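Engineer: Below: sequence and its predicted model.
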Amino acid sequence: MFFMPSPIIPSILDFKTTLLSTTGYTAMLTLVVLMFWLYNRNERALLTLGIAGCIAACGTLIAYLPLPIPAWPNLVLDTFLLLLYHPLAVVATRQLLGLRNDWRFHLAMLTIIMLCFVFWAGPGSYTRRVGVTACAHILYWSMIVALLYRGRQWRTMMGYRLGLGLAALTIGVALFRLAMSWLEKGSNFSSVNQLLVMFTSLSLFWLTFCYSLSLLFISYERLLLQVRQQAQQDGLTQLYNHRTFHEQAAAMFSRSRQRGQALALLLIDLDHFKEVNDRYGHQVGDEVLRQLADCLRAESRQGDVLGRHGGEEFVVMLPLASRVEACNVADRLRLAIANLQPRVGELQLSISASIGVACLRPPEHENLASLFLEADLLLYQAKRKGRNRVEIEREPEPEAQH
Ligand SMILES: Nc1nc2c(ncn2[C@@H]2O[C@H](COP(=O)(O)OP(=O)(O)OP(=O)(O)O)[C@@H](O)[C@H]2O)c(=O)[nH]1
């Protein structure tokens, strides 16, 4: 990341011009990151990256501006400011993953790196200076790769893949620089290698700053995911809300009808829930509903679709479930609810539910509404027959009176 101007480097790679444009891009990127942080202040990683960007921009400016300090302290200060970006990138990544940061560790590492830079490399050895900064890159970016790998539950997100790719590339380029500094005999690079050092230095700069973009991307993707989840879920139980459940159920219904596959719909309604609310209050009632949702989640198979239909009514769609299977699942759920005995503070309650089960019969069920109607009638039948039971077969209508 540190350039030694050389007369052989063509004007297109003019040292100061490159630094000036790099400073401009860094400042612009930093501004974007800080704007996003202002928009979502919970994302402290963006603030850290913004601070890191400001410091790095100062680092490049110091190399550009004729400061009234000697060249060597100027280079040390410039190096220090530019190197600060990397531990801050580690800190930002940890913040993004919700992990704690150990500032003393970062301070100690940076101190060791700077001591190596000043005393082991010193003003006389350009190759050693490149070696030290390459090692710093490898160290910090390996940490970032390890961190991103730990956050692989979000591996489907573009930002994670991008961040991981950029971090891996950064390590690759830094390894190349380390090898160059190692293989070079003298304290300065040959003319051709100087050009390579400059190219790799610039690419490191761009790669690491693009990493800020990838973190921004991750933060944005997570925000989108959160908003989408909130729009799809019921706030109390985190099950699908009425609208989303109906969308999913409608798609499942058409698929099953088209393919001639089995499908069952379970309508579950808590018995005498009004009494729970009236006797213990709405907050206790809410907690009971939450625990009931957890129970349904725990009892359901992968592929089953669960939703809160409204109030104390829940729905479960069972794809590929035959009539017997649906009846077994419904009875298992009924039993699980009866044994749940939700605990709310000191209270231990007893609850039960009635379940209506409608199984898809293509000629009779033309649309999802007809399946729901049947499940609703069966649920009503279960309530009528004493509650805490499963109904799957409609009773014959009472004979019309003559
Ligand atoms: N705490 C709480 N109560 C709710 C919520 N949604 C609906 N309820 C309550 O659920 C109760 C439903 O009462 P009813 O429809 O009379 O049914 P029930 O008392 O369960 O009686 P049956 O269904 O006939 O066994 C009402 O007291 C509603 O206030 C909710 O989100 N939280």
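Structural biologist: Yep, it's here. Residues are numbered from 1 along each chain as shown.
Engineer: just the helices in the chain please.
Structural biologist: Remark: helices assigned in the chain by DSSP state H are 15-39, 44-64, 71-96, 103-115, 126-150, 158-183, 191-232, 242-259, 273-280, 282-299, 323-338, 368-384.
Engineer: And the ones you listed: which comes nearest V344?
Structural biologist: Of all the helices of the chain, helix 282-299 sits nearest to V344, with 4.6 Å by CB to CB. Every residue, glycine included, has its C-beta placed from N, CA and C.
Engineer: Pull the contacting residues for whichever residue of the stretch 151-300 of the chain sits closest to the ligand.
Structural biologist: Closest to the ligand within the stretch 151-300 of the chain is G285: 2.6 Å, counting by CB to the nearest ligand atom. G285 is in contact with F273, V276, N277, counting by CB atoms under 8 Å, 6 or more residues apart in numbering.
Engineer: Tell me the residues of the chain that contact the ligand?
Structural biologist: Applying CB under 6 Å from any ligand atom, one finds that the chain approaches the ligand through 236, 269-274, 277, 282, 285-286, 289, 311-312, 383, 387.
Engineer: tell me the angle the helix-or-strand element of the chain with minimal mean pLDDT makes with helix 71-96.
Structural biologist: Counting by mean pLDDT, DSSP states H and E, the chain has its least confident helix or strand at helix 15-39, which shows a mean of 85. When axes from the mean of the first three to the mean of the last three CA atoms, to 10 degrees is applied, the directions of helix 15-39 and helix 71-96 differ by 30 degrees.
Engineer: buried stuff in helix 15-39?
Structural biologist: For helix 15-39, a neighbour-count test (16 or more other CB atoms under 10 Å) marks T18, L19, T22, T23, T26, A27, L29, T30, V33, L34, F36, W37 as buried.
Engineer: Just the residues contacting it, thanks.
Structural biologist: Residues outside helix 15-39 that contact it (CB under 8 Å, 6+ apart) are 3, 5, 9, 43-44, 46-47, 49-50, 53-54, 56-57, 60-61, 63-64, 202, 205, 209, 212-213, 216, 219-220.
Engineer: Export the contacts of G285 as JSON lines, with columns for neighbour count.
Structural biologist: What follows is the contacts of G285, written out as JSON lines (neighbours: other CB atoms under 10 Å):
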{"residue": "F273", "neighbour count": "18"}
{"residue": "V276", "neighbour count": "24"}
{"residue": "N277", "neighbour count": "15"}
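Engineer: Save these as a markdown table, and put in pLDDT too.
Structural biologist: Below are the contacts of G285 laid out as a markdown table (pLDDT from 0 to 100):
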| residue | pLDDT |
| --- | --- |
| F273 | 95 |
| V276 | 95 |
| N277 | 95 |
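Engineer: out of the residues of the chain next to the ligand, which is most surrounded?
Structural biologist: Tallying neighbours with other CB atoms under 10 Å puts L289 at the head of the residues of the chain next to the ligand, with 23 neighbours.
Engineer: related to what we said a few turns ago, looking at the buried residues of helix 15-39, which is nearest S354?
Structural biologist: Nearest member of the buried residues of helix 15-39 to S354, counting by CB to CB, is F36, at 49.8 Å.
Engineer: wait, what's in contact with L335?
Structural biologist: So L335 contacts nothing (CB under 8 Å, 6+ apart).
Engineer: Against G151, how distant is the residue of the stretch 51-200 of the chain found nearest the ligand?
Structural biologist: Nearest residue of the stretch 51-200 of the chain to the ligand, counting by CB to the nearest ligand atom: G98, 29.8 Å away. Going from G98 to G151 by CB to CB, to the nearest Å gives 9 Å.
Engineer: Can you pick out the residue with more neighbours from these two?
Structural biologist: Between G98 and G151, counted using other CB under 10 Å, the more crowded position is G151 (19 against 8).
Engineer: and G186, what does it touch?
Structural biologist: So G186 contacts T127 (CB under 8 Å, 6+ apart).
Engineer: Mind pulling the model confidence for it?
Structural biologist: As predicted, G186 sits at a pLDDT of 82.
Engineer: Look up how far L31 lies from it.
Structural biologist: Taken as CB to CB, the span from G186 to L31 is 42 Å.
Engineer: that older thread, report the lowest-confidence entry in the residues of the chain next to the ligand.
Structural biologist: Ranked by pLDDT, the residues of the chain next to the ligand bottom out at G311 (90).
Engineer: Without its sequence neighbours, what residue ends up closest to T93?
Structural biologist: Closest residue to T93 apart from its sequence neighbours, by CB to CB, 6 or more residues apart in numbering: L147 at 4.8 Å.
Engineer: what's around the one you found, how many residues?
Structural biologist: L147: 18 neighbours (other CB under 10 Å).
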